[in-house]
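Asks: Predicted model follows, preceded by the sequence.
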Amino acid sequence: MKIVFVGCLILLTAASVLTHLLEPDLRSDAPVLYWVTDANPARSEQVATFHRWLRSNGHPRMQLRLDTANNAVTKKIIQGVSGVGGDVMDSFSGGALRQLHAVGLLADVTASARALGFDPGHTYAPVASEITIADCQYAFPCNVYTALFWVNKATFAKHGLPGPPRRWDFETFERVGKQFVAAANPSGKRPTVFFAAGLDRDIMRRSLGLSVFNETLTRCTLDDPRNVRALALIHKWTCADRILPTASDVASFATETGYGGSNLQLFNSGNYAMFLSGRYALIQLRQFGALDLAVVEHPYGEFPNTRVDTRCAAIYAGSKHRELARYFLAYLASEEYNLHIVEDADALPPNPIYTRTEAFLRPAKYPNEWGCHEVFADAVQTIGIGRSHSPFVLPSTAERIERETFDGFISGLYPAEQAARLAADRINEEIQRALKENPRLRPRYDQLVVRQRQIEQLRAEGRRVPLAWIANPFHRRYYEFKNWGEK
């Protein structure tokens, strides 16, 4: 037995030495940086373009390598706190960025961004709240995206109807949706063709003037009647009007048609006339051939809006190559990288100036897409708003609670009023728990609670509120829309 153990030890030692000798860092005559990202095939070309960009601009030599095995947030945190995180780490949304920041994994790049040209002024205004935390910049976008409705004009034409308008309110959405479902399912039996695959609850309640949080981000406000109205509309359109599919409808597609429940495939087959997604949907839609496409905005109540998200890159605070990693973020703002995103249709390029190019607006290979691309760019810049992140609760926690309560509501466990109240109560309990567990948050929280009372007092008196008092990016835009704020 001892011989077996000794033999295993020798083999393991030899394997460890061999692995160490084969490490890319040891075989490269330039510093090696690791980019923790997803396994998108486009990443290899983006790395090659980065190396060419370094050479053509006379920047320091380095080698960028991909790490697609550790892209989950939990893996990034485990590796980061252990001191072995990737030099550059992708973050899917400002919420995930805040989760990494909460455990001290991110380097402040504010000064570097100004020096190397990747500050928030080089991207879309609504993205600023996604890449900055407490007025410090921690990331720069790899791409920017917003969810709008892709429209299959051929599906509407098949059932003798024109396509929907680019901007529409809830009433128009319901009326057009009922007309479509009646025409597409003339038997009156269980529908197999639906108006849309689903809706965005956050955009809906925002369009009614409501956010997940109040103006100072100190309290969850989902117990507001406007959230109840949004939930009731979704229920009506799903269960009564049948213009949206239920969970059982989606399951039946997966079992009966072989489409696997994919929104894009069901959109291509005509089971959905519209589906909500970003420009990145073209990566798969192009595989279906030259579909007759259009893009329209999400329906609204009072306030047209759309939520802006980003896949952004941040620098690991523990990286020994932090100074070199800054150049990768500068590359994301460059012409070379942005034109690559334009061509691949991987959402919007980080820098909005490239959405005004002919290559973006009218891609030569895809004339069927002409008229679609600018709708995304215009929406981000005119009605786009970043997410609302409270510093007193993890975004992932708040999103999980909201999703769980909605699932309970739509499955019939409790009515809209109870779902709304339950979501608010649970999120506010998490805020109080965070304050108890981290007393350092309390002074700032108490200051903001006082500020919230001042805001509410001014509103009660019919007076304008200084926009500088409002921390929630949604409320800043909504107050401007209502003419309630002053600069």
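Replies: All right, it came through fine. Numbering: from 1, shown residues only.

Asks: So which elements touch the host helix or strand of residue 64?
Replies: Mapping residue 64 onto the secondary structure by DSSP states H and E places it in strand 63-67. Judged by 3 or more C-beta pairs under 8 Å, 6 or more residues apart in numbering; DSSP states H and E, strand 63-67 is in contact with strand 32-36, helix 42-56. Quick note: C-beta positions are derived from backbone N, CA and C, even for glycine.

Asks: Just checking: what are the partner strands of that strand?
Replies: strand 32-36 (parallel) (DSSP bridges).

Asks: Might you report the residue contacts of residue 472?
Replies: 211, 213, 214, 215, 216, 217, 388 (C-beta atoms under 8 Å, 6 or more residues apart in numbering).

Asks: Tell me the one of the residues you listed nearest residue 486?
Replies: residue 215 (14.1 Å; C-beta to C-beta).

Asks: picking that back up, looking at the helices and strands packed on strand 63-67, spot the one closest to residue 318.
Replies: Short answer: strand 32-36, nearest of the helices and strands packed on strand 63-67 by C-beta to C-beta, at 12.4 Å.

Asks: thinking again about what came up before, would JSON lines of the contacts of residue 472 with pLDDT and distance to residue 311 be doable?
Replies: What follows is these, written out as JSON lines (pLDDT from 0 to 100; distance: C-beta to C-beta, whole Å):
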{"residue": "211", "pLDDT": "98", "distance to residue 311": "23"}
{"residue": "213", "pLDDT": "98", "distance to residue 311": "23"}
{"residue": "214", "pLDDT": "98", "distance to residue 311": "28"}
{"residue": "215", "pLDDT": "98", "distance to residue 311": "28"}
{"residue": "216", "pLDDT": "98", "distance to residue 311": "28"}
{"residue": "217", "pLDDT": "98", "distance to residue 311": "23"}
{"residue": "388", "pLDDT": "96", "distance to residue 311": "19"}
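
Asks: with those in mind, which one is nearest to residue 108?
Replies: Taking the contacts of residue 472 together and measuring to residue 108 by C-beta to C-beta, the closest member is residue 217, at 21.0 Å.

Asks: part of a helix, is that closest one?
Replies: No: Residue 217 sits outside any helix when classified using DSSP: H, G, I helix; E, B strand; the rest coil, being coil.

Asks: Let me see the contact set for it.
Replies: 388, 389, 390, 391, 392, 448, 471, 472.

Asks: which parts of stretch 140-155 are buried?
Replies: By 16 or more other C-beta atoms under 10 Å, the buried positions in stretch 140-155 come out as 140-153, 155.

Asks: should've said stretch 421-432
Replies: Taking 16+ other C-beta under 10 Å as the criterion, stretch 421-432 shows 421, 422, 423, 424, 426, 427, 428, 430, 431 as buried.

Asks: swap in stretch 311-329?
Replies: 311-319, 321-322, 324-329.

Asks: Now the residue nearest to residue 356 when sequence neighbours are not counted: which helix or strand?
Replies: Spatially, and ignoring its direct neighbours in sequence, residue 356 is nearest to residue 377 (7.9 Å; C-beta to C-beta, 6 or more residues apart in numbering). Secondary structure from DSSP H and E places residue 377 in helix 373-382.

Asks: Quick one: distance of that helix to the chain centre.
Replies: 15 Å (C-alpha atoms, centre = their mean, to the nearest Å).

Asks: Mind listing residues that contact that helix?
Replies: By C-beta under 8 Å, 6+ apart, the list of residues contacting helix 373-382 reads 124-126, 144-146, 148, 166, 278-279, 295-297, 306, 308, 348, 352, 355-356, 360-361, 363.

Asks: try 7 Å this time
Replies: 124, 126, 144, 146, 148, 166, 279, 295, 297, 306, 308, 348, 352, 355, 360-361 (C-beta atoms under 7 Å, 6 or more residues apart in numbering).

Asks: Would you map out the domains in the protein?
Replies: Listed domain ranges for the chain are 1-25, 31-144+309-385, 148-307 (source: automatic domain parsing).

Asks: Mind checking those domains for the one nearest to residue 466?
Replies: Comparing the domains of the chain by C-beta to C-beta, domain 148-307 comes nearest, at 11.0 Å.

Asks: Check the offset of the closest one from the chain's centre.
Replies: With C-alpha atoms, centre = their mean, you get 18 Å for domain 148-307.

Asks: Quick one: end-to-end length of that domain, please.
Replies: 10 Å (C-alpha to C-alpha, to the nearest Å).
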